[in-house]
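> only geometry, no sequence info:
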Ligand SMILES: Nc1ncnc2c1ncn2[C@@H]1O[C@H](COP(=O)(O)OP(=O)(O)O)[C@@H](O)[C@H]1O
Ligand SMILES: C[C@@](O)(CCOP(=O)(O)OP(=O)(O)O)CC(=O)O
């Protein structure tokens, strides 16, 4: 114990698999992003306590301080924030880790959280840079729950970096690489507990493992833990955390020279409302929805295969790959790259059917029009509405050297007036240790 350590975990974009990922039989394709959540953990040697205390600071947000005094060992009940402030994600994570570790000694811990700019709206912010210039964060005028989110999964990132910070504090030998499943399982449990529901968990899995082909765990694994007083059954919690869960998280990355370009769209959507509309339709129209889910899954699997084939193409003949990718937006496009555009379009056709049949705005008309226009941009393989879809964002796959041209070409074009291209790219690595010095001076 004692020495400071720093960690970070990535945000996500669900390129293929929205809604289907809620079901443990379907694969989804998740890309980890360059916007990351960070934590720095250290023993507090400035305030004296002869009890047990954990203080979490999130200095980019007003009232971003939560100080817990822990008085008792039923951690889900005995966690008291001294100013009565609520942050369910922080509370659930601390309670999960303390229940798992069962610390025998007193402790006095400070953890500082930073989030990269991509997670939140950048309106009314001031930028601060660390002393060595390696990290830069935006400081907001408002509290965390008053700042608009962009949909990269801030709570999953927060829970993941807090989990690893606490585990490594209590177990200094904890190895982030060999014990990732412990981080994952703790973070998934804490995230479900905080949300009071069991989501698909792809955002937490991406924060831990990075870019992945993801098939979810059975919700029944966590369900018993969320009901009644079961959270205090420490033996069961410990064995749930240490067991190997049955789910897919196969590492993946976009093929060489292909970049993800995310556009933020003016307007927004509420994921829970879209999800409940889709699930109602699915219950009411069993046959219709089974067929559509089948087709949508086939198109998702096809995209996963096409991306895999492109990696193989590059590995076998990198020069030919480069030559052909550079011709891929012309009429002499090679079959491998045409297959990528076709795969994206096929997913979109199914999402458009999903929209019509369910009445939920997954790929609403304005997004269809916009994505059709994106297909025409030089260097673009096309794009989708990521995740739950709606009016939040679009996500294109483009040739890397065309990004600047695409941004320039669309800047003064009426057809793209609602789009703000985000300064994000794939960063496939999941949770990792950072250099503590990089945060000094913030
Ligand atoms: N940087 C942060 N500092 C403190 N709490 C945070 C931070 N980022 C996210 N949170 C917590 O996560 C909540 C947002 O979670 P949620 O609504 O699930 O959004 P998202 O889809 O971005 O995960 C916030 O209200 C806050 O409780
Ligand atoms: C519909 C979904 O399958 C995917 C939603 O993906 P988003 O990436 O849109 O998620 P939010 O950031 O929470 O809005 C629901 C789920 O898997 O939980």
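Noted; the coordinates are in hand. These numbers were taken from a predicted model, which means no experiment stands behind them. Ligands and ions are numbered 1, 2, ... in the order given.

> Now the lowest-mean-pLDDT helix or strand in the chain: buried residues?
Here the helix or strand of the chain ranked lowest by mean pLDDT, DSSP states H and E is helix 223-226, holding a mean of 88. By 16 or more other Cβ atoms under 10 Å, the buried positions in helix 223-226 come out as 225, 226. Quick note: C-beta positions are derived from backbone N, CA and C, even for glycine.

> which other helices and strands contact the helix or strand following it?
Reading on from helix 223-226 to the C-terminus, the next helix or strand found by DSSP states H and E is helix 234-242. Contact partners of helix 234-242 among helices and strands, from 3 or more Cβ pairs under 8 Å, 6 or more residues apart in numbering; DSSP states H and E: helix 88-101, helix 180-195, helix 223-226.

> what's the spacing between the longest one and its chain's center?
What that stands for is helix 180-195. Mean C-alpha position of helix 180-195 versus that of the full chain (Cα atoms, centre = their mean, to the nearest Å) differs by 13 Å.

> what about that helix, near ligand 2?
No - legend: contact between helix 180-195 and ligand 2 by Cβ under 6 Å from any ligand atom is lacking; minimum distance shown is 9.7 Å.

> Just the angle for that helix relative to helix 234-242, thanks.
Note on geometry: by axes from the mean of the first three to the mean of the last three Cα atoms, to 10 degrees, helix 180-195 and helix 234-242 are set 120 degrees apart in direction.

> packing partners for helix 180-195?
If you count contacts as 3+ Cβ pairs under 8 Å, 6+ apart, helix 180-195 packs onto helix 88-101, helix 154-170, helix 202-209, helix 223-226, helix 234-242.

> Name the residues that touch the last one?
Under the criterion Cβ atoms under 8 Å, 6 or more residues apart in numbering, residues 96, 99-100, 102, 182, 185-186, 189, 221-222, 224-225, 230-231 lie in contact with helix 234-242.

> does residue 68 really touch residue 75, like I thought?
No - here residue 68 does not reach residue 75: they are 9.8 Å apart, not a contact under Cβ atoms under 8 Å.

> shared neighbours of the two, which are they?
Counting by Cβ under 8 Å, 6+ apart, the shared contacts of residue 68 and residue 75 are residue 94.

> re the thing from before, which stretch in the helices and strands packed on helix 234-242 is the model least sure about?
For the helices and strands packed on helix 234-242, mean pLDDT drops lowest on helix 223-226, to a mean of 88.

> Nearest residue to the closest residue to ligand 2 within the chain in space, please, no chain neighbours.
Nearest to ligand 2 in the chain, going by Cβ to the nearest ligand atom, is residue 387, at a distance of 2.4 Å. Computed as Cβ to Cβ, 6 or more residues apart in numbering, the closest residue to residue 387 that is not its neighbour in sequence is residue 14, at 4.3 Å.

> Spit out the contact partners of residue 141.
62, 124, 125.

> Mind putting those into TSV with secondary structure, neighbour count and pLDDT?
Shown next, in TSV, are the contacts of residue 141 (DSSP: H, G, I helix; E, B strand; the rest coil; neighbours: other Cβ atoms under 10 Å; pLDDT from 0 to 100):
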residue	secondary structure	neighbour count	pLDDT
62	strand	15	97
124	coil	11	93
125	strand	17	95
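
> Narrow the contacts of helix 234-242 to just the buried residues.
When neighbours are counted using 16+ other Cβ under 10 Å, the contacts of helix 234-242 contain these buried positions: 96, 99, 100, 182, 185, 186, 189, 221, 222, 225, 231.

> got those as a markdown table, with distance to residue 426 columns?
What follows is the buried ones among the contacts of helix 234-242, written out as a markdown table (distance: Cβ to Cβ, whole Å):
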| residue | distance to residue 426 |
| --- | --- |
| 96 | 29 |
| 99 | 35 |
| 100 | 32 |
| 182 | 26 |
| 185 | 25 |
| 186 | 26 |
| 189 | 28 |
| 221 | 29 |
| 222 | 29 |
| 225 | 33 |
| 231 | 36 |
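
> out of those residues, what pair is the most spread apart?
When Cβ to Cβ is used, the two most widely separated members of those are 182 and 231, lying 17.9 Å apart.

> Tell me the secondary structure at residue 349.
Three-state assignment for residue 349 (DSSP: H, G, I helix; E, B strand; the rest coil): helix.

> What does the pLDDT read for the closest residue to it other than its chain neighbours?
Excluding its sequence neighbours, the residue lying closest to residue 349 (Cβ to Cβ, 6+ apart) is residue 299, at 7.7 Å. Confidence at residue 299, expressed as pLDDT, is 98.

> can you count the residues close to residue 299?
Burial of residue 299 is recorded as 20 neighbouring residues (other Cβ atoms under 10 Å).

> ditto for residue 103
16.

> measure residue 119 to ligand 1 for me?
Separation of residue 119 from ligand 1 (Cβ to the nearest ligand atom, to the nearest Å): 7 Å.

> Spatially nearest residue to that residue (excluding sequence neighbours)?
Nearest non-adjacent residue to residue 119, counting by Cβ to Cβ, 6+ apart: residue 154, 4.6 Å away.
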